[in-house]
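K.L.:
Need the 3D shape of this:
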Amino acid sequence: MLEVFDDSKTFVDMKMNLSSEEIKKKFEEKMESWKYNATKDNVKEFVNTFFDKEGSEFEKWIPTDFISEPKVFNSIKDVQLKNWAKNITTIWLDLGRKIKDDVRSRPEYYSIIYLPNPFIIPGGRFREVYYWDSYWIIRGLLICEMHNTAKGMISNYISMIQTFGHVPNGGRIYYIQRSQPPMTIPMVKSYVESTNDMEFVIEIIQYLEVEFNYWITQHNVTINKYGRNYTLAVYKDNSTGPRPESYWEDIKAAENFTTENDKENFYSEIKAAAESGWDFSSRWFILNGTNKGNITHTKTRSIVPVELNALIFWNAKILSDFYRELNNTIKALEYEVIATEWKDAVNAVLWNEEVGAWLDFDLLNQKNRNYFYPTNISPLWTGCYDKNRTDYFVTRILKYLKENEVLTTPGGVPTTLMETKQQWDQPNAWPPLQYIMVMSLQNTDNEDAKVMAAKIASKWLCTNFVAYYGDKKYKMYEKYLVNGDGKKGESSGEYEIQDGFGWTNGIVLEFLQLYKSTASTEEWKITANSCHEEYKKLII
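P.N.:
Purely as a prediction, here's the structure:
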């Protein structure tokens, strides 16, 4: 292949200027003139002639509900952090997008999925909406009092559910066959907690049920434990071929397989990994019953993930609560039963008494995978455990975290303890995983756990603050190094580190809100002007 673009995603995001059939015909004519030996320049010229530049599907949009100084910032005690929060808020203006009406009229010319409402994107090459990213973006918007923008984004996902029966991985047609962690229902919960808009829930709850049913019927597996069958969920993808947005990378990786069937299985496994949001990681490797190996050993569909099932429990619990609020007792009980069954399954299959944590389950080898991931404590975040035994679970989890020494790294909690050159491994630390760690511990209402949560949040705020001011570029990044240099994370090889960045901004704003009285640059012994030099000496 000629690798016309540095990033495979560039081409599949471009708008066609003619119908697909006409372009195919034009290309065949050109190939004849090139004697079927096209050069890179030949193909690039052809693409530039018959396709518009990526991003041409959007029109300029400024959020009408943008507020430069949301009221909540007034309560941030540290002046430097307050100013930083204001700077982050202005980034929403850069990340706002509205899809041109031409996409609605002529969808066949675009890969973008038409969405009726404007939205906030992650940033960089991620120029469309992404499913689980939007949960933290929406929470950030709600903190910034941008309720209309947040509601519009949720409505876009409802539109997708109406069209596809689920929310795709992202806002492109090449993402339709897979999803991402199910966050629409938690998004609605966040919105309602901020606005009390139960009328919106009445309008959309039937579609929230459609999304929920997609996850419990299209991703379910049965596991026998203690003589009883339990239903849990895995990430799946059953489409064929490589990912269009990473076509070259997938073709190259598949060269390690000799048969077409093995290649197709590999494509499905890595697309399932993409559905998890962790693309890619040793978390999904299975080699001789271990997490060793490389990307060709990805077996995502054979691993039952803790956080996915904790989220499915939470989805059912939220639906039950919504229906109870709407005085529909029958529906409330229906989802309460599902939530209870899912919670029982999570704790029977995934809780490991010896380790003292919830662990992913390997379907191929019929055993828990005893490897650290921040998601191993996610049932504390969603409440997917027996609340009568809270003290027991918290005591075990705190011991587990200390034994794995995951709280000693100065830049945040590591994604895994493995270094593999995959971006969801060491040395990268990812915003949503810091959030899951902090909120899992904070939500227990246990004082020791809350102290640990505050320390993790403090490290993360410090890392982001230093990276923002330290290189004088004033950017927020998709991930950061865990080693304490206050630097953006390492690239995976598929694409360069991206800035923006939607979920990073939302999570930092939430941590600043949560720890508004205690977060302190003075405690970090740094200032916005000299933070990078000082941070190198810092040990929290």
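
K.L.:
Need the pLDDT of Ile539.
P.N.:
Looking at Ile539, its pLDDT stands at 34.

K.L.:
again but with Gln498, I slipped
P.N.:
pLDDT, Gln498: 95.

K.L.:
Could you list which residues are in contact with the nearest residue to it once chain neighbours are set aside?
P.N.:
Nearest residue to Gln498, sequence neighbours excluded (Cβ to Cβ, 6 or more residues apart in numbering): Gly124, at 3.1 Å. The way it works is simple: take the backbone N, C-alpha and C, and place the C-beta from them, glycine included. Taking Cβ atoms under 8 Å, 6 or more residues apart in numbering, we find Gly124 in contact with 478, 498-501.

K.L.:
which residues of the stretch 301-450 of the chain fall in strands?
P.N.:
With DSSP state E, counting those that start in this stretch as the criterion, the stretch 301-450 of the chain has strands at 303-304, 351-352, 357-358, 361-362, 367-368, 428-429.

K.L.:
Using TSV, lay out the contacts of Gly124 together with distance to Arg172.
P.N.:
Converted to TSV, the contacts of Gly124 look like this (distance: Cβ to Cβ, whole Å):
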residue	distance to Arg172
Glu478	18
Gln498	16
Asp499	21
Gly500	17
Phe501	19
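
K.L.:
Give the buried residues for stretch 404-421.
P.N.:
404, 406-407, 409-416, 418, 420 (16 or more other Cβ atoms under 10 Å).

K.L.:
Between the two ends of that stretch, what distance do you get?
P.N.:
21 Å (Cα to Cα, to the nearest Å).

K.L.:
got a list of contacts for it?
P.N.:
Defining contact as Cβ under 8 Å, 6+ apart, one finds that stretch 404-421 is touched by 278, 281-283, 285, 291, 294, 371-374, 401, 424-430, 433-434, 437, 452, 455-456, 459-460, 463, 480-486, 492-493, 538-540.

K.L.:
In helices only, show me the buried residues of stretch 404-421.
P.N.:
Taking DSSP state H, every one of those sits outside helices.

K.L.:
mind listing what Met278 touches?
P.N.:
Check again: residue 278 is Trp, not Met. 284, 415, 424.

K.L.:
Mind doing that once more with 7 Å?
P.N.:
By Cβ atoms under 7 Å, 6 or more residues apart in numbering, the contact list for Trp278 reads Trp424.

K.L.:
Could you measure from the residue lying closest to Lys317 once chain neighbours are set aside over to Ala310?
P.N.:
Nearest residue to Lys317 in three dimensions, chain neighbours excluded: Ala339, at 4.5 Å (Cβ to Cβ, 6+ apart). Relative to Ala310, Ala339 is positioned 11 Å away (Cβ to Cβ, to the nearest Å).

K.L.:
Of these two, which one has the most company?
P.N.:
More crowded of Ala339 and Ala310, by other Cβ atoms under 10 Å: Ala310, with 28 against 22.

K.L.:
can you map out the helices along the stretch 51-200 of the chain?
P.N.:
Taking DSSP state H, counting those that start in this stretch as the criterion, the stretch 51-200 of the chain carries its helices at 79-95, 101-105, 133-143, 147-164, 184-195, 198-218.

K.L.:
Make a markdown table out of the contacts of Gly124 and add secondary structure.
P.N.:
Shown next, in a markdown table, are the contacts of Gly124 (DSSP: H, G, I helix; E, B strand; the rest coil):
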| residue | secondary structure |
| --- | --- |
| Glu478 | coil |
| Gln498 | coil |
| Asp499 | strand |
| Gly500 | coil |
| Phe501 | coil |
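
K.L.:
Make a PyMOL selection of the buried ones in these.
P.N.:
Here is the PyMOL selection string for the buried members of the contacts of Gly124, based on 16+ other Cβ under 10 Å:
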select buried, resi 478+498+499+500+501
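
K.L.:
so what's Thr195 closest to, chain neighbours aside?
P.N.:
The shortest distance from Thr195 to any non-neighbouring residue, by Cβ to Cβ, 6+ apart, is to His147 (5.5 Å).

K.L.:
so who does the one you found touch?
P.N.:
With contacts defined as Cβ under 7 Å, 6+ apart, His147 is in contact with 65, 194-195.

K.L.:
What score does it have for pLDDT?
P.N.:
99.

K.L.:
likewise the one 5 residues further on?
P.N.:
According to the prediction, Gly152 has pLDDT 99.

K.L.:
Check the gap between the closest residue to it other than its chain neighbours and Ala454 for me.
P.N.:
Spatial nearest neighbour of Gly152, chain neighbours left out: Asn117 (3.3 Å); criterion: Cβ to Cβ, 6+ apart. Noted for Asn117: a distance of 36 Å to Ala454, by Cβ to Cβ.

K.L.:
thinking again about what came up before, the residue nearest to Lys317 contacts Ser320, doesn't it?
P.N.:
Yes. Assessed by Cβ atoms under 7 Å, Ala339 is found in contact with Ser320 at 6.1 Å.

K.L.:
returning to that earlier point: looking at Asn117 and Ala454, which is more packed in?
P.N.:
Ranked by neighbour count (other Cβ under 10 Å), Asn117 and Ala454 place Ala454 first, with 18 against 15.

K.L.:
What is the burial count for the residue nearest to that one when sequence neighbours are not counted?
P.N.:
Spatial nearest neighbour of Ala454, chain neighbours left out: Tyr515 (6.2 Å); criterion: Cβ to Cβ, 6+ apart. Number of residues near Tyr515 (other Cβ under 10 Å) recorded here: 21.

K.L.:
circling back to that earlier point, now do the residue nearest to Lys317 against Gly96, distance only.
P.N.:
For Ala339, the distance to Gly96 equals 36 Å [Cβ to Cβ].

K.L.:
and what of Lys475?
P.N.:
17 Å.

K.L.:
One more: Leu401?
P.N.:
Leu401 is 38 Å from Gly96, by Cβ to Cβ.

K.L.:
Please apply the same query to Asn288.
P.N.:
Distance, Asn288 to Gly96, by Cβ to Cβ: 48 Å.

K.L.:
low-scoring stretches of the chain, by residue?
P.N.:
Counting by pLDDT under 70, the chain has low-confidence residues at 485, 493, 527-540.

K.L.:
hmm, try it at 90
P.N.:
Where the chain drops to pLDDT under 90, the residues are 1-3, 60, 238, 410, 470-472, 483-487, 490-496, 522-540.

K.L.:
Determine the longest helix present in it.
P.N.:
Counting residues, the longest helix found in the chain (DSSP H) is helix 447-470.
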